[in-house]
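Colleague: Okay, here's the prediction I keep looking at, along with the sequence it came from:
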Amino acid sequence: MSKPARPGAAPAAGTQPGLVVAGFGRHVLVETASGERVICHPRGKKNQALVGDRIRWLPTQDEGTIEKIETRSNLFYRQDEMRTKSFAANLDQVLILIAAEPEFSESQLTRALIAAEAERITPIIALNKSDLSEPFGRAWTKLAPYRAMGYRMLPLAVKPKFDAAENAAQTAELMELLRGKKTLMLGPSGAGKSSLTNLLIPQAKVLTAEISQALNSGKHTTTSTTLYWVDEARTTALIDSPGFQEFGLNHIQPMQLATLMPDLKAHAQNCKFYNCTHLHEPGCGVISEVNLAGGQGSISASRYRLYSELFAELSQERRY
């Protein structure tokens with residue numbers, strides 16, 4: 001399956017600049033330079049524009065047509081053997097929101113981190129429900145390898161049962177990380193994405209209602225990904241995406257995997273063979289680190305197991 005297009009064709013004369021702030025099927029909502037929002041349609045049958053795209057568009061009565069998608073700095077997406085799901089473009093960072101309860105999937109987390117590394121997008125891991133002390137403690141311990149790798153990690157209590165002051169401090173820390181950046185918020189259903197959006201952007205429900213009203217003609221489907229401005233100056237953006245249960249990495253080559261997992265990458269350079277798969281070869285720096293006595297190595301058993309499973313999965317898919 002091919003990589004999503006990275007457009008850049010020449011625009012028609014008389015076009016205006018715009019930013020895609022919501023996507024729904026073949027159509028997108030575009031914000032103009034003055035802050036107005038207009039529904040735009042692609043020229044062809046298929047819409048290639050994504051939330052976060054800078055475009056050139058032409059007015060057509062009360063709507064518009066997309067004439068050009070500006071070259072993207074990055075594109076965050078997932079891909080399995082059936083389809084490609086693109087989340088957003090031109091991102092500064094990805095906020096991966098997981099919860100202490102129900103227990104999060106380390107496989108899903110790892111896949112999202114690999115996808116971010118592949119596009120050179122900074123990831124932030126936020127663990128929600130810090131007010132649930134026992135499950136949160138277990139989850140925080142489970143995340144120890146990711147802290148050791150240097151990933152930025154935040155505790156959150158979006159709906160705390162107590163200690164509002166602590167929650168305010170956590171929220172302030174998150175806001176500081178978001179400031180001046182375009183951030184995609186990603187996470188499985190039930191992690192608290194909607195609650196966090198409403199906490200950071202009190203007018204989010206109103207904006208969503210306005211979009212629904214604009215689409216009330218029945219010509220468009222429900223919006224799936226939406227960009228919200230956190231500040232009036234429109235310098236800080238939070239992009240809310242639908243929850244997911246699967247995160248395919250079919251766009252990643254098996255031999256590329258270790259370079260996108262910081263704990264493995266640090267030891268892959270010590271391998272005897274340049275084309276080492278880190279699965280069975282003699283003189284493998286990764287295997288040596290995993291096998292250190294007493295589990296004292298910097299590659300945890302769970303992380304190495306995830307690598308092995310992903311390598312097998314991606315190798316299997318390429319046989320067909």
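Modeller: Sure thing, it's come through. Numbering: from 1, shown residues only.
Colleague: Can you get me a residue count around R72?
Modeller: When neighbours are defined as other CB atoms under 10 Å, R72 has 20 of them. For glycine as for every other residue, the C-beta is placed from the backbone atoms N, C-alpha and C.
Colleague: I'd assumed it was in a strand, is it?
Modeller: No: R72 is assigned coil when assessed by DSSP: H, G, I helix; E, B strand; the rest coil, not a strand.
Colleague: confidence score at it?
Modeller: For R72, the model assigns a pLDDT of 96.
Colleague: With D80 instead?
Modeller: Note on D80: pLDDT of 85.
Colleague: what's the burial count for it?
Modeller: For D80, using other CB under 10 Å, the count is 16.
Colleague: Next, work out how far apart it and E36 are.
Modeller: Distance of D80 to E36, given as CB to CB, to the nearest Å: 38 Å.
Colleague: ok, now L95?
Modeller: Separation of L95 from E36 (CB to CB): 28 Å.
Colleague: And these two? Which one has more around it.
Modeller: Applying other CB under 10 Å to L95 and E36 shows that L95 carries more neighbours, namely 24 against 9.
Colleague: That one: what secondary structure?
Modeller: What three-state DSSP gives for L95 is strand.
Colleague: That one against K182, yeah?
Modeller: No: the pair L95 and K182 fails to qualify as a contact (CB atoms under 8 Å) at a distance of 10.9 Å.
Colleague: and after the lowest-mean-pLDDT helix or strand in the chain, which helix or strand comes next?
Modeller: Taking mean pLDDT, DSSP states H and E as the measure, helix 204-214 is the helix or strand of the chain with the lowest mean score, a mean of 65. Downstream of helix 204-214, the first helix or strand assigned by DSSP states H and E is strand 225-229.
Colleague: Quick check: which helices or strands does that following strand pack against?
Modeller: strand 16-24, strand 84-89, helix 204-214, strand 237-240 (3 or more CB pairs under 8 Å, 6 or more residues apart in numbering; DSSP states H and E).
Colleague: now that strand: mean pLDDT?
Modeller: 91.
Colleague: That strand: which residues count as buried?
Modeller: 225-229 (16 or more other CB atoms under 10 Å).
Colleague: Nearest to P202, out of the residues you listed: which one, please.
Modeller: P202 has its nearest neighbour among those in Y228, at 10.4 Å by CB to CB.
Colleague: Now do the helix or strand harbouring L306: distance to the chain's middle.
Modeller: Assessed by DSSP H and E, L306 sits inside helix 301-317. Here helix 301-317 shows a centroid-to-chain-centroid distance of 21 Å under the convention CA atoms, centre = their mean, to the nearest Å.
Colleague: which residues sit against that helix?
Modeller: Applying CB atoms under 8 Å, 6 or more residues apart in numbering, the external contacts of helix 301-317 come out as 81, 106-107, 110-111, 114, 145, 249-250, 252-254, 257-258, 261, 263-264, 277-279, 286, 290, 295.
Colleague: how about a cut-off of 7 Å?
Modeller: Outside of helix 301-317, the residues within contact range by CB atoms under 7 Å, 6 or more residues apart in numbering are 81, 106-107, 110, 145, 249-250, 252, 254, 257-258, 261, 263-264, 277, 279, 290, 295.
Colleague: What about L174, how many residues nearby?
Modeller: Counted with other CB under 10 Å, L174 comes out at 19.
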